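Student: Sequence plus predicted model, see below.
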Amino acid sequence: MTEHVPVTTRKARQTDMTTREPSPKQLLSRKEGIEILGLGMSTYKVLVKAGEIREVRVGSRALLPMSEVERFIKDRLAQPR
């Protein structure tokens, strides 16, 4: 008899093998970052240009580190109103 070999899917490869929970995404697309931050594209681009949000370039793609999203939110919450 032949041994059953499971087929690995993309989702399975992104899973932590000890807990079987999806691993957190470290780099987000601009669209994902904008959705999380609740910003429009124009506002986002202004913040990037002003240096308030830092992107990472990977080839031709501009990606937003999750740590940068967390830092931006933390900084905004710390500002007095």
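Tutor: Looks like it came in fine. Numbers count the residues shown, from 1 in each chain.
Student: list the helices and strands the biggest helix by length in the chain packs on?
Tutor: In the chain, taking DSSP state H as the definition, the longest helix is helix 66-78. Identification of packing neighbours for helix 66-78 by 3 or more CB pairs under 8 Å, 6 or more residues apart in numbering; DSSP states H and E yields strand 27-29, helix 30-37. (Each C-beta comes from the backbone N, C-alpha and C, glycine too.)
Student: so how far is the first one from its chain's centroid?
Tutor: Which is strand 27-29. Here strand 27-29 is found 4 Å from its chain centre; the criterion is CA atoms, centre = their mean, to the nearest Å.
Student: what about it, average pLDDT?
Tutor: Mean pLDDT, computed over strand 27-29, is 94.
Student: residues in contact with that strand?
Tutor: Ile36, Val56, Val58, Arg61, Leu63, Leu64, Pro65, Met66, Val69 (CB atoms under 8 Å, 6 or more residues apart in numbering).
Student: Let's have the helices and strands packed on helix 66-78 in JSON lines, adding mean neighbour count and distance to Arg76.
Tutor: As requested, these are exported to JSON lines (neighbours: other CB atoms under 10 Å; distance: least, CB to CB, whole Å):
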{"stretch": "strand 27-29", "mean neighbour count": "16", "distance to Arg76": "17"}
{"stretch": "helix 30-37", "mean neighbour count": "16", "distance to Arg76": "9"}
